[in-house]
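Visitor: Next one to model:
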Amino acid sequence: MLLIDRRRRRYMIQLRPGGVSDLRGGKVPHDALLGQEEGGTVLSSRGERLLVVRPTLAEFVLEMPRGAQVVYPKDLGAILIGADVFPGARVLEAGTGSGALTMALLRAVGSGGRVVSYDVREEFARIAEQNIRRFLGAADTLVLRRQDVYAGILPEDLPLDRIILDLAEPWRAAPHAARALAPGGIWLSYVPTVPQVAETTEALRRTAAFALIETVEILLRPWNIEGQSVRPAHRMVAHTGFLTTARRIQGSGETGLAEAQPEEIEPQDQEVTAR
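Guide: Just a heads-up that it's a prediction; the model follows:
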């Protein structure tokens, strides 16, 4: 459960019979929460009233234990849409990290899909598996492997509809992805720096198996709204990484299509946006 105090401080706790959580505003007995519907409130031992809700995936990701840096919620949504992850999709992810992206993928592919997640770091994999079980329970559609995607993709994991990489050198997996993705399949890689984007793009081109190579950056700016005071927040989640997508095509890759370029906004559209 997620407990939120009057200052909007958040406390994520796992309920157990007889348990007690010691928060800044006092102690909260778990028995006062077990069996109750979410959306209500609970009083702490110091009389602090806290809102009680189940954490969303985004909230869980920001509060859960982590080994590797997580993919932020603002990027999770963009990844699912950019890679067009659909119910029933067969998805390969590398690396697993702390499991944030893995959980988003599992919910997107549904009970008819399959997520195979590669990671070579045992210590991170253990944390990720614990996080996944804690939030989703047992996931029959997930396969966790201690496998290096740079060394190749295992035959038993083929064919694939989507390949999503959160790695330092995703370009090293481009030849393997070209062989593993079904025609029309989508590659998506997530990296923090421009040199990594350039290296990835060139590697995808060299395979002659991908078209429609595009890179975007996602920015998120919250707003404070209090009566007549409406202004941007002092802090925003700005740069976290670049998303590069590409489509697997048939043949040599000579499609006659130029890679997508940002569309220019007509002057009239600019005025409408400004208003």
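Visitor: C-alpha only now, for contacts and for neighbours.
Guide: Will do.
Visitor: before we move on, what SS does residue 183 have?
Guide: strand (DSSP: H, G, I helix; E, B strand; the rest coil).
Visitor: Pull the contacting residues for it.
Guide: 248-250 (C-alpha atoms under 8 Å, 6 or more residues apart in numbering).
Visitor: same deal with residue 150?
Guide: 172-173, 176.
Visitor: 6 Å - rerun?
Guide: Counting by C-alpha atoms under 6 Å, 6 or more residues apart in numbering, residue 150 touches 172-173.
Visitor: For it, give its distance to residue 172.
Guide: 6 Å (C-alpha to C-alpha, to the nearest Å).
Visitor: can you pull the buried residues of stretch 181-192?
Guide: 181-183, 185-192 (16 or more other C-alpha atoms under 10 Å).
Visitor: Which one (most neighbours) among the contacts of residue 183?
Guide: Among the contacts of residue 183, residue 248 has the most neighbours (other C-alpha atoms under 10 Å), with 26 neighbours.
Visitor: in what helix or strand does the closest residue to residue 109 other than its chain neighbours lie?
Guide: Among residues not flanking residue 109 along the chain, residue 87 sits closest, at 4.0 Å (C-alpha to C-alpha, 6 or more residues apart in numbering). Residue 87 belongs to no helix or strand when assigned by DSSP states H and E.
Visitor: doesn't residue 111 make contact with residue 87?
Guide: No. Using C-alpha atoms under 6 Å, residue 87 is not in contact with residue 111, being 7.7 Å away.
Visitor: any idea how far residue 61 is from residue 131?
Guide: For residue 61, the distance to residue 131 - C-alpha to C-alpha - is 9 Å.
Visitor: Over to residue 47?
Guide: Counting by C-alpha to C-alpha, the gap from residue 47 to residue 131 is 32 Å.
Visitor: still on that earlier bit, which single one of the buried residues of stretch 181-192 is nearest to residue 135?
Guide: residue 190 (23.6 Å; C-alpha to C-alpha).
Visitor: Strands of the stretch 51-200 of the chain, start to end?
Guide: 90-94, 114-118, 142-145, 160-165, 181-191 (DSSP state E, counting those that start in this stretch).
Visitor: okay, the ones you listed in CSV with mean pLDDT and distance to residue 234 next?
Guide: Below are those laid out as CSV (pLDDT from 0 to 100; distance: least, C-alpha to C-alpha, whole Å):
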stretch, mean pLDDT, distance to residue 234
strand 90-94, 98, 34
strand 114-118, 98, 37
strand 142-145, 96, 40
strand 160-165, 98, 32
strand 181-191, 97, 26
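Visitor: got TSV for those, with distance to residue 18 too?
Guide: Below are the strands of the stretch 51-200 of the chain laid out as TSV (distance: least, C-alpha to C-alpha, whole Å):
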stretch	distance to residue 18
strand 90-94	39
strand 114-118	37
strand 142-145	33
strand 160-165	42
strand 181-191	43
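Visitor: Now for residue 30, how many residues are close by?
Guide: 18.
Visitor: oh sorry, the question was meant for residue 36
Guide: Count around residue 36 with other C-alpha under 10 Å applied: 11.
Visitor: start the count at 115, not 1, going forward
Guide: Yes, from this point I'll number from 115; that puts the last item at residue 150.
Visitor: and it, what element?
Guide: Counting by DSSP H and E, residue 150 is part of no helix or strand.
Visitor: From residue 165, how far off is it?
Guide: 12 Å.
Visitor: need the contact list for residue 296.
Guide: So residue 296 contacts 274-275 (C-alpha under 6 Å, 6+ apart).
Visitor: what about 7 Å?
Guide: When contacts are counted by C-alpha atoms under 7 Å, 6 or more residues apart in numbering, residue 296 touches 273-275.
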